[in-house]
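S.K.: Below: sequence and its predicted model.
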Amino acid sequence: MLSLDVTGLEMRFPGLASPVLSIDRLHLPAGARLAITGASGSGKSTLVNAITGLERVEHGSILWGGEDMARLSGWQRDAFRARHIGLVMQDFHLFPGLSAFENVVLPVRLARRLSVAEAERARLLLDMTGIARPAQKIETLSRGEMQRVAVARALLSKPGVVVADEPTASLDRSAGEEVADLLVRLSREEGATLVVVTHDPALSERLDRRIRLAGGVIIEDSGEAEAA
Ligand SMILES: Nc1ncnc2c1ncn2[C@@H]1O[C@H](COP(=O)(O)OP(=O)(O)OP(=O)(O)O)[C@@H](O)[C@H]1O
(Lines give C-alpha, C1' and ligand atoms only; values in the text may rest on other atoms or scores of the structure.)
Protein backbone atom coordinates (compact mmCIF):
# COMPACT_ATOMS: atom_id res chain seq x y z
CA MET A 1 0.00 0.00 0.00
CA LEU A 2 1.10 3.55 -0.70
CA SER A 3 0.97 6.79 1.30
CA LEU A 4 0.02 10.04 -0.44
CA ASP A 5 1.59 13.44 0.17
CA VAL A 6 0.29 16.37 -1.83
CA THR A 7 2.16 19.64 -1.31
CA GLY A 8 1.60 23.06 -2.90
CA LEU A 9 -0.62 21.66 -5.64
CA GLU A 10 -2.10 24.22 -8.00
CA MET A 11 -4.01 23.29 -11.14
CA ARG A 12 -4.86 25.99 -13.68
CA PHE A 13 -6.55 25.88 -17.05
CA PRO A 14 -5.92 28.31 -19.91
CA GLY A 15 -8.21 31.32 -19.88
CA LEU A 16 -9.08 31.05 -16.18
CA ALA A 17 -7.70 33.76 -13.90
CA SER A 18 -7.58 31.66 -10.73
CA PRO A 19 -6.56 28.04 -10.15
CA VAL A 20 -9.36 25.44 -10.20
CA LEU A 21 -7.50 23.52 -7.50
CA SER A 22 -5.23 24.79 -4.76
CA ILE A 23 -4.12 22.36 -2.04
CA ASP A 24 -1.34 23.37 0.36
CA ARG A 25 -0.99 20.01 2.01
CA LEU A 26 -2.79 16.68 2.09
CA HIS A 27 -1.25 13.66 3.80
CA LEU A 28 -2.81 10.23 3.62
CA PRO A 29 -1.08 7.36 5.41
CA ALA A 30 -0.65 4.05 3.58
CA GLY A 31 -3.80 1.95 3.90
CA ALA A 32 -6.07 4.92 4.70
CA ARG A 33 -9.53 5.25 3.17
CA LEU A 34 -10.42 8.77 1.99
CA ALA A 35 -13.67 10.20 0.62
CA ILE A 36 -13.49 13.37 -1.51
CA THR A 37 -16.79 15.25 -1.56
CA GLY A 38 -17.92 18.67 -2.76
CA ALA A 39 -20.42 20.36 -5.07
CA SER A 40 -20.26 20.10 -8.84
CA GLY A 41 -17.32 22.10 -10.18
CA SER A 42 -15.48 22.14 -6.83
CA GLY A 43 -12.42 20.40 -8.28
CA LYS A 44 -12.92 16.73 -7.35
CA SER A 45 -12.20 15.30 -10.80
CA THR A 46 -9.26 17.68 -11.26
CA LEU A 47 -7.80 16.35 -7.99
CA VAL A 48 -8.33 12.74 -9.07
CA ASN A 49 -6.76 13.46 -12.47
CA ALA A 50 -3.75 15.03 -10.76
CA ILE A 51 -3.13 12.26 -8.21
CA THR A 52 -3.59 9.48 -10.79
CA GLY A 53 -1.33 11.20 -13.31
CA LEU A 54 -4.07 11.51 -15.92
CA GLU A 55 -3.42 15.26 -15.90
CA ARG A 56 0.02 16.84 -15.91
CA VAL A 57 0.92 18.75 -12.72
CA GLU A 58 3.00 21.90 -13.18
CA HIS A 59 2.89 23.36 -9.68
CA GLY A 60 3.42 21.29 -6.56
CA SER A 61 4.30 17.71 -5.76
CA ILE A 62 2.29 14.50 -5.52
CA LEU A 63 4.20 11.79 -3.71
CA TRP A 64 2.93 8.25 -3.75
CA GLY A 65 5.13 6.38 -1.31
CA GLY A 66 7.97 8.79 -2.09
CA GLU A 67 7.68 8.82 -5.91
CA ASP A 68 6.75 12.30 -7.20
CA MET A 69 4.08 11.96 -9.88
CA ALA A 70 4.60 15.63 -10.82
CA ARG A 71 8.16 14.90 -11.99
CA LEU A 72 7.24 12.03 -14.29
CA SER A 73 6.77 12.31 -18.06
CA GLY A 74 3.47 11.29 -19.67
CA TRP A 75 4.52 7.73 -20.42
CA GLN A 76 6.15 7.36 -16.98
CA ARG A 77 2.87 8.44 -15.37
CA ASP A 78 0.99 5.88 -17.48
CA ALA A 79 3.45 3.18 -16.42
CA PHE A 80 3.21 4.22 -12.74
CA ARG A 81 -0.61 4.15 -12.94
CA ALA A 82 -0.63 0.71 -14.59
CA ARG A 83 1.68 -0.65 -11.91
CA HIS A 84 0.33 1.00 -8.75
CA ILE A 85 -3.15 2.48 -9.20
CA GLY A 86 -6.40 0.58 -9.72
CA LEU A 87 -9.04 2.85 -11.25
CA VAL A 88 -12.81 2.48 -10.95
CA MET A 89 -14.85 5.03 -12.92
CA GLN A 90 -18.52 6.02 -12.75
CA ASP A 91 -19.28 4.69 -16.24
CA PHE A 92 -17.28 1.46 -15.83
CA HIS A 93 -15.03 1.78 -18.96
CA LEU A 94 -15.62 -1.86 -19.89
CA PHE A 95 -15.37 -3.28 -23.41
CA PRO A 96 -18.51 -4.72 -25.03
CA GLY A 97 -18.08 -7.95 -26.96
CA LEU A 98 -15.66 -9.27 -24.34
CA SER A 99 -16.61 -11.48 -21.40
CA ALA A 100 -16.34 -10.45 -17.74
CA PHE A 101 -13.09 -12.41 -17.45
CA GLU A 102 -11.65 -10.92 -20.67
CA ASN A 103 -12.43 -7.42 -19.39
CA VAL A 104 -10.63 -8.06 -16.10
CA VAL A 105 -7.46 -9.27 -17.83
CA LEU A 106 -7.53 -6.86 -20.80
CA PRO A 107 -5.16 -4.20 -19.32
CA VAL A 108 -2.57 -6.90 -18.58
CA ARG A 109 -3.03 -8.54 -21.99
CA LEU A 110 -2.49 -5.19 -23.73
CA ALA A 111 0.80 -4.76 -21.87
CA ARG A 112 2.21 -8.30 -21.83
CA ARG A 113 1.44 -11.99 -21.88
CA LEU A 114 -1.04 -13.01 -19.17
CA SER A 115 0.55 -15.43 -16.72
CA VAL A 116 -1.21 -18.52 -15.40
CA ALA A 117 -1.11 -16.97 -11.92
CA GLU A 118 -2.76 -13.74 -13.19
CA ALA A 119 -5.51 -15.70 -14.95
CA GLU A 120 -6.09 -17.61 -11.73
CA ARG A 121 -6.17 -14.37 -9.72
CA ALA A 122 -8.68 -12.84 -12.19
CA ARG A 123 -10.99 -15.83 -11.64
CA LEU A 124 -10.57 -15.53 -7.88
CA LEU A 125 -11.35 -11.79 -7.93
CA LEU A 126 -14.45 -12.37 -10.05
CA ASP A 127 -15.53 -14.97 -7.53
CA MET A 128 -14.84 -12.57 -4.65
CA THR A 129 -16.89 -9.86 -6.37
CA GLY A 130 -19.80 -12.28 -6.80
CA ILE A 131 -19.61 -12.73 -10.57
CA ALA A 132 -20.80 -16.31 -10.99
CA ARG A 133 -20.31 -16.59 -14.77
CA PRO A 134 -16.94 -15.17 -15.85
CA ALA A 135 -17.65 -16.14 -19.50
CA GLN A 136 -20.80 -13.98 -19.68
CA LYS A 137 -20.59 -11.13 -22.25
CA ILE A 138 -20.14 -7.86 -20.39
CA GLU A 139 -23.04 -6.06 -22.11
CA THR A 140 -25.49 -8.65 -20.76
CA LEU A 141 -24.55 -8.01 -17.11
CA SER A 142 -26.56 -5.71 -14.84
CA ARG A 143 -25.02 -2.30 -14.08
CA GLY A 144 -24.14 -3.39 -10.56
CA GLU A 145 -22.44 -6.51 -11.91
CA MET A 146 -20.54 -4.40 -14.45
CA GLN A 147 -19.16 -2.20 -11.70
CA ARG A 148 -18.18 -5.29 -9.69
CA VAL A 149 -16.22 -6.50 -12.73
CA ALA A 150 -14.54 -3.07 -12.86
CA VAL A 151 -13.56 -3.48 -9.19
CA ALA A 152 -12.06 -6.91 -9.95
CA ARG A 153 -10.14 -5.42 -12.89
CA ALA A 154 -8.82 -2.56 -10.73
CA LEU A 155 -7.39 -5.05 -8.23
CA LEU A 156 -5.84 -7.55 -10.66
CA SER A 157 -2.31 -6.13 -10.59
CA LYS A 158 -2.29 -5.82 -6.76
CA PRO A 159 -2.19 -2.00 -6.82
CA GLY A 160 -0.97 -0.06 -3.79
CA VAL A 161 -3.90 2.30 -4.19
CA VAL A 162 -7.44 2.13 -5.57
CA VAL A 163 -8.98 5.38 -6.86
CA ALA A 164 -12.71 5.40 -7.58
CA ASP A 165 -14.51 8.35 -9.22
CA GLU A 166 -18.25 8.30 -8.33
CA PRO A 167 -18.32 4.48 -8.41
CA THR A 168 -21.94 4.20 -7.23
CA ALA A 169 -23.44 7.25 -8.96
CA SER A 170 -25.04 5.38 -11.84
CA LEU A 171 -26.29 2.46 -9.74
CA ASP A 172 -29.52 1.98 -7.82
CA ARG A 173 -29.33 1.91 -4.04
CA SER A 174 -28.85 -1.79 -3.45
CA ALA A 175 -26.32 -2.24 -6.28
CA GLY A 176 -24.53 0.87 -4.99
CA GLU A 177 -24.34 -0.60 -1.49
CA GLU A 178 -22.89 -3.84 -2.85
CA VAL A 179 -20.21 -1.97 -4.78
CA ALA A 180 -19.42 0.24 -1.75
CA ASP A 181 -19.08 -2.91 0.39
CA LEU A 182 -16.74 -4.50 -2.11
CA LEU A 183 -14.54 -1.46 -2.51
CA VAL A 184 -14.07 -1.05 1.23
CA ARG A 185 -13.71 -4.75 2.02
CA LEU A 186 -11.45 -5.74 -0.87
CA SER A 187 -9.16 -2.71 -0.63
CA ARG A 188 -8.65 -3.62 3.04
CA GLU A 189 -8.11 -7.33 2.32
CA GLU A 190 -5.80 -6.58 -0.60
CA GLY A 191 -3.89 -3.97 1.40
CA ALA A 192 -4.60 -0.99 -0.87
CA THR A 193 -5.01 2.68 0.08
CA LEU A 194 -8.48 3.80 -1.07
CA VAL A 195 -9.46 7.22 -2.47
CA VAL A 196 -13.10 7.69 -3.51
CA VAL A 197 -14.84 10.71 -5.03
CA THR A 198 -18.48 10.41 -4.08
CA HIS A 199 -21.73 12.28 -3.50
CA ASP A 200 -23.11 9.14 -1.87
CA PRO A 201 -23.29 9.59 1.94
CA ALA A 202 -23.76 5.81 2.38
CA LEU A 203 -20.34 5.34 0.77
CA SER A 204 -18.44 8.30 2.24
CA GLU A 205 -19.56 7.42 5.78
CA ARG A 206 -17.93 4.01 5.44
CA LEU A 207 -14.51 5.55 4.82
CA ASP A 208 -12.16 6.64 7.62
CA ARG A 209 -11.79 10.23 6.49
CA ARG A 210 -13.74 12.77 4.46
CA ILE A 211 -12.52 15.97 2.83
CA ARG A 212 -14.83 18.52 1.22
CA LEU A 213 -13.76 20.77 -1.63
CA ALA A 214 -15.25 24.14 -2.58
CA GLY A 215 -13.74 26.37 -5.25
CA GLY A 216 -10.73 24.05 -5.48
CA VAL A 217 -9.85 24.38 -1.78
CA ILE A 218 -10.26 21.86 1.05
CA ILE A 219 -12.87 23.49 3.31
CA GLU A 220 -13.54 20.53 5.62
CA ASP A 221 -11.32 17.66 6.66
CA SER A 222 -12.58 15.10 9.17
CA GLY A 223 -9.02 13.85 9.65
CA GLU A 224 -7.26 17.18 10.02
CA ALA A 225 -6.32 16.55 13.62
CA GLU A 226 -4.63 13.18 12.91
CA ALA A 227 -3.00 14.45 9.71
CA ALA A 228 -1.47 17.57 11.28
N1 LIG B 1 -9.93 21.32 -19.24
C2 LIG B 1 -10.51 22.32 -18.58
N3 LIG B 1 -10.44 23.59 -19.06
C4 LIG B 1 -11.01 24.62 -18.38
N5 LIG B 1 -11.65 24.48 -17.20
C6 LIG B 1 -11.75 23.25 -16.68
C7 LIG B 1 -11.19 22.10 -17.33
N8 LIG B 1 -11.45 21.02 -16.57
C9 LIG B 1 -12.14 21.46 -15.50
N10 LIG B 1 -12.33 22.80 -15.56
C11 LIG B 1 -13.02 23.64 -14.58
O12 LIG B 1 -12.45 23.34 -13.31
C13 LIG B 1 -13.43 23.39 -12.29
C14 LIG B 1 -13.39 22.08 -11.50
O15 LIG B 1 -13.86 21.03 -12.34
P16 LIG B 1 -13.95 19.52 -11.85
O17 LIG B 1 -14.39 18.71 -13.04
O18 LIG B 1 -12.69 19.14 -11.18
O19 LIG B 1 -15.12 19.58 -10.77
P20 LIG B 1 -15.91 18.40 -10.03
O21 LIG B 1 -15.96 18.77 -8.60
O22 LIG B 1 -15.30 17.10 -10.40
O23 LIG B 1 -17.36 18.52 -10.68
P24 LIG B 1 -18.47 17.35 -10.97
O25 LIG B 1 -18.94 16.87 -9.62
O26 LIG B 1 -19.54 18.10 -11.71
O27 LIG B 1 -17.80 16.30 -11.80
C28 LIG B 1 -14.76 23.66 -12.97
O29 LIG B 1 -15.06 25.02 -12.83
C30 LIG B 1 -14.48 23.30 -14.42
O31 LIG B 1 -15.27 24.09 -15.28
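M.R.: Thanks, I have it.
S.K.: Low-confidence bits of this protein, can you list those?
M.R.: In the predicted model, the chain carries pLDDT under 70 at residues 224-228.
S.K.: Tell me the first helix or strand C-terminal of the longest helix along it.
M.R.: Identified as the longest helix of the chain according to DSSP state H is helix 173-189. Downstream of helix 173-189, the next assigned helix or strand under DSSP states H and E is strand 193-197.
S.K.: For the helix or strand following that following strand, name the packing helices and strands.
M.R.: Using DSSP H and E, the helix or strand that directly follows strand 193-197 along the chain is helix 201-204. Packing partners of helix 201-204 (3 or more C-beta pairs under 8 Å, 6 or more residues apart in numbering; DSSP states H and E): strand 33-38, helix 173-189. For every residue, glycine as well, the C-beta is placed using N, CA and C.
S.K.: Just name the most buried of these.
M.R.: Highest mean neighbour count of the helices and strands packed on helix 201-204: strand 33-38, a mean of 22 (counted as mean count of other C-beta atoms under 10 Å).
S.K.: what's in contact with the helix or strand following it?
M.R.: Note on strand 33-38: by DSSP H and E, the next helix or strand toward the C-terminus is helix 44-51. Helix 44-51 is contacted by residues 4, 6, 9, 11, 20-21, 23, 36-38, 54-55, 57, 62, 64, 69, 163, 165, 195, 197, 213, 216 when judged by C-beta atoms under 8 Å, 6 or more residues apart in numbering.
S.K.: Show me what the helix or strand that helix 44-51 is followed by is packed against.
M.R.: Helices and strands here follow DSSP H and E; after helix 44-51, the next one along the chain is strand 59-64. Based on contacts counted as 3+ C-beta pairs under 8 Å, 6+ apart, the elements that strand 59-64 packs against are strand 4-11, helix 44-51.
S.K.: Paired strands for strand 59-64, with orientation please.
M.R.: If you go by DSSP bridges, strand 59-64 pairs up with strand 4-11 (antiparallel), strand 67-68 (antiparallel).
S.K.: That one: which residues count as buried?
M.R.: 60, 62, 63, 64 (16 or more other C-beta atoms under 10 Å).
S.K.: Show me the two of those that sit farthest apart.
M.R.: 60 and 64 (13.7 Å; C-beta to C-beta).
S.K.: one step back: show the overlap between the contacts of helix 44-51 and what lies near the ligand.
M.R.: 20, 38 (C-beta under 6 Å from any ligand atom).
S.K.: Could you report the distance from the most centrally placed residue in the chain to the ligand?
M.R.: Among the residues of the chain, the one closest to the centroid is residue 163, at 1.2 Å (C-alpha atoms, centre = their mean). Separation of residue 163 from the ligand (C-beta to the nearest ligand atom, to the nearest Å): 13 Å.
S.K.: for residue 172, same thing?
M.R.: In terms of C-beta to the nearest ligand atom, residue 172 sits 20 Å off from the ligand.
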